[in-house]
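> everything below, folded, please.
(one chain, ligands or ions: 1)
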Amino acid sequence: MSEPIWSYVTPGIPDELFDRLPGIPMSKCETRLLIIGQLRLKVDSVLWDIGAGTGTIPIETGLLCPKGKIVAIERDEDVAGLIAKNCQKFAVNNVEIKIGSAPECLTSLTTNPDRICIEGGRSVSEILEYCWDRLQIDGRVIATTNSLEGLYAISESFAKLQARNVEVVQSSVNRLETRGNRQVFAAVSPMFIISGEKL
Ligand SMILES: C[S@@+](CC[C@H](N)C(=O)[O-])C[C@H]1O[C@@H](n2cnc3c(N)ncnc32)[C@H](O)[C@@H]1O
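Have a look, this model is predicted:
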């Protein structure tokens, strides 16, 4: 068997190592690092990644939690196929892919998670509220958004659910890029990362 493509113990897989599909958004490496840090994973965590997209979070967390179980939830069948392809590429075997739209499709998941990451869905409040019931005590939820409306909706839901230790961070990252004969810093899309705990 050939060596896995990523054999380092630290997260932060370079973006270009993932297989992509045109038009499918991907959490950029530096933003992903913040999300993973906020998840405060345990070696045996059960994580639901809702709106898993290209699968960057399931792959990074699958590698970080070898005794854990990651459920990648994605409504688009082609995108779910991409997650499977990336899991194979990085030799990650503790990711289950659930094709369906949250929150409806979550009812068929039998194990309650201790970590939840919500990265997709206009109905973020509805997803958050369903997830809160399923989240284990002492569990953590992370939700991401790039809009003020999203930040407001998530903050309001956290307040309604009486989430504890709520934190909001916004990423602000610039990367050096070559444009023509000049090197300029280009912003990586800023993202709000909101986290809360169920005590
Ligand atoms: C911003 S992308 C996630 C990117 C991901 N973090 C990555 O690095 O690849 C959001 C994804 O959520 C999916 N999505 C949106 N609403 C959803 C829902 N209600 N249930 C499941 N998946 C959903 C979309 O199809 C899309 O692939």
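> C-alpha from now on. contacts and neighbour counts both.
Will do.
> so is the helix or strand hosting Gly62 next to the ligand?
Taking DSSP states H and E as the criterion, Gly62 maps to helix 56-64. Yes. Helix 56-64 comes into contact with the ligand (CA under 6 Å from any ligand atom), by way of Thr56, Ile57.
> what's the first helix or strand after that helix?
strand 69-74.
> contacts for stretch 63-80?
9, 11, 21, 24, 41-55, 58, 61-62, 92, 94-102 (CA atoms under 8 Å, 6 or more residues apart in numbering).
> returning to what we had before: mean confidence for the helix holding Gly62?
Confidence for helix 56-64, expressed as mean pLDDT, is 98.
> do the same with stretch 169-186
Averaged across stretch 169-186, the pLDDT comes to 97.
> endpoints of that stretch, how far apart?
Terminal residues of stretch 169-186 lie 20 Å apart, using CA to CA, to the nearest Å.
> now it: buried residues?
Applying a neighbour-count criterion of 16 or more other CA atoms under 10 Å, one finds Ser171 buried in stretch 169-186.
> how far does it sit from its chain's centre?
23 Å (CA atoms, centre = their mean, to the nearest Å).
> and stretch 183-199, by the same measure?
Using CA atoms, centre = their mean, the offset of stretch 183-199 from its chain centre is 12 Å.
> which parts of it are buried?
Neighbour counts using 16+ other CA under 10 Å place Val188, Met191, Phe192, Ile193, Ile194, Ser195, Gly196, Glu197, Lys198 of stretch 183-199 among the buried residues.
> my read is that the first one contacts Leu176, right?
In other words, Val188. No. Val188 is beyond contact range of Leu176, at 10.4 Å (criterion: CA atoms under 8 Å).
> which residues do those two both contact?
With the criterion set as CA under 8 Å, 6+ apart, the contacts of Val188 and Leu176 do not overlap.
> next one: Val188 from Thr144, what distance?
Counting by CA to CA, the gap from Val188 to Thr144 is 15 Å.
> kindly provide the distance from the closest residue to Ser27 other than its chain neighbours to Phe158.
Leaving aside its sequence neighbours, Ser27 sits nearest to Thr56 (CA to CA, 6 or more residues apart in numbering; 7.1 Å). Computed as CA to CA, the Thr56 to Phe158 distance reads 25 Å.
> quick one: buried residues of stretch 79-91?
Under the neighbour-count criterion of 16+ other CA under 10 Å, stretch 79-91 has Val79, Ala80, Gly81, Leu82, Ile83, Ala84, Lys85, Asn86, Cys87, Lys89, Phe90, Ala91 buried.
> my bad, stretch 106-117
Quick answer for stretch 106-117 (16+ other CA under 10 Å): Leu106, Asn112, Pro113, Asp114, Arg115, Ile116, Cys117.
> done for today, thanks.
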